[in-house]
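Here's a sequence, model it:
(4 chains)
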Protein chains: 2
Amino acid sequence: MNTLAYGLLSLLSRSADSGYDLMLKIKPFWPAKHSQIYPLLAQLESDGLVQHVLVVQTDKPDKKVYSLTDKGKEALRAWLGVPADDPVTRDELTLKLYCMEQGDPADIRLLLEQRVAYCNERLKWLQAKIEAYKSPPNASPLPVVLLIQKARFYYQSDLEWAEWALQQLPEHGEEPQPD
Amino acid sequence: MNTLAYGLLSLLSRSADSGYDLMLKIKPFWPAKHSQIYPLLAQLESDGLVQHVLVVQTDKPDKKVYSLTDKGKEALRAWLGVPADDPVTRDELTLKLYCMEQGDPADIRLLLEQRVAYCNERLKWLQAKIEAYKSPPNASPLPVVLLIQKARFYYQSDLEWAEWALQQLPEHGEEPQPD
DNA sequence: AACACCATGTAATCAGTTACATGATTAT
DNA sequence: ATAATCATGTAACTGATTACATGGTGTT
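Sure thing, here's the model as predicted:
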């Protein structure tokens, strides 16, 4: 039982889902490809933690909709009682900045500008999510609110850092025009 | 040439180092065990990107001190010209919060309190780092300043989120005392 | 006496990505 | 026509962790 396995159980605790939808939903929290998820679901089923029913569709391919068993719920409950591993962020940008003197200053500037753009894009997406659950009929449950805010805090701080970092870079290499 | 390989080159661009020290230094940016680093350094050497000299020590075991070759520097320069991959954060806590209704509310509260403590600990460590380079003799180069600040922004925002999240939790289950 | 640090390496396993494989529906 | 989405699966490979292996110095 690795973290991805518990992650799938966690998603299923909110609503039954196909492997395909689980892949899409888990992406922001724990990236995984379908090639990792399908076999893992089969294993969780053989362990009795989830079960599936085949849902036949006419317009789209048939799908297997998985749901938690009592044993699965119990496994989740126990998992919530042990401390979470420390979060791990892998950000190539940090490694590139570490050796920034080795490269073209324009390249470094571009890397930071790309990060600013990326954060803005993610924040815009999150804002759309927030708007969607502001309308009373589909108010989001507390966990979803907590997680959306966590992402907002993260991207907002990274954005502010990247904009600050751009200002710390030496002036553009425009040598004074001789007249 | 994967990201870890470039990460090692990046560290070596600032100063020659042993595999052991590289492991310690790269940890905050790209976690890797010595069992991954030693073979990779050997491969980078056979590719002509790094070279090593054996440094004999009396009190401690001998070590191999690696440094960048010209070919290694050129590889770094080229790498800086391509966009950085999007950052990936894997945080078990997000998965646990997603299914928080399944567990004991006290467990959830504890998970968030542990996160608050962790962020405070990291911030304290970063503050010590900052103090260390405030004294003029050993002023840090720009990249190091940028990276320390990036980490500060991150842990500070995660801390603020976790403290906010604790307040969003339903009241403690202290049922009113019958008198 | 037991543990932590320094220092390097290999072997076995687990986790994650890329590629192979299929096939219908809908949008550009 | 070409691509994207939906939907599931396996095979091959790369990346990362854990375990095995050694051995001196310094600390509690």
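
Kindly report the residues of chain A close to DNA strand C.
Within chain A, the positions near DNA strand C by CB under 7 Å from any atom of the strand are A:2-4, A:30-33, A:35-36, A:59-61. (Glycine included, C-beta is placed from N, CA and C.)

and chain B, which of these contact it?
Counting by CB under 8 Å from any CB of the partner chain, A:3, A:30-31 from these sit close to chain B.

would you list every one of the strands in chain A?
Ranges of strands in chain A, per DSSP state E, are A:17-18, A:50-55, A:63-68, A:88-90.

Make a markdown table out of those and add mean neighbour count, distance to DNA strand D and mean pLDDT.
Listed next are the strands of chain A as a markdown table, based on neighbours: other CB atoms under 10 Å in any protein chain shown; distance: least, CB to the nearest atom of the strand, whole Å; pLDDT from 0 to 100:
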| stretch | mean neighbour count | distance to DNA strand D | mean pLDDT |
| --- | --- | --- | --- |
| strand A:17-18 | 19 | 4 | 97 |
| strand A:50-55 | 14 | 8 | 96 |
| strand A:63-68 | 19 | 3 | 98 |
| strand A:88-90 | 16 | 7 | 97 |
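
Any chance of TSV for these, columns distance to B:Ser10?
Formatted as TSV, the strands of chain A follow (distance: least, CB to CB, whole Å):
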stretch	distance to B:Ser10
strand A:17-18	41
strand A:50-55	43
strand A:63-68	42
strand A:88-90	14
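
follow-up on the earlier one: by neighbours, which of the ones next to chain B among the residues of chain A next to DNA strand C wins?
Sorting these by how many neighbours each has (other CB atoms under 10 Å in any protein chain shown) puts A:Trp30 first, at 20 neighbours.

and the nearest residue to that one once chain neighbours are set aside, what does it touch?
Once flanking residues are discounted, A:Trp30 sits nearest to A:Gly7: 4.8 Å by CB to CB, 6 or more residues apart in numbering or on different chains. A:Gly7 is in contact with A:26, A:29-30, A:32, B:95, counting by CB atoms under 8 Å, 6 or more residues apart in numbering or on different chains.

mind redoing it with 7 Å?
Residues counted as contacts of A:Gly7 (CB atoms under 7 Å, 6 or more residues apart in numbering or on different chains) are A:26, A:29-30, B:95.

Those residues in helices, which ones?
Judged by DSSP state H, these include A:26, B:95 as members of helices.

Report pLDDT for the residue nearest the centre of chain A.
Residue closest to the average C-alpha location in chain A (CA atoms, centre = their mean): A:Pro28, at 1.4 Å. Per-residue pLDDT puts A:Pro28 at 96.

Apart from its neighbours in sequence, what residue is nearest it?
Nearest non-adjacent residue to A:Pro28, counting by CB to CB, 6+ apart: A:Ala151, 7.0 Å away.
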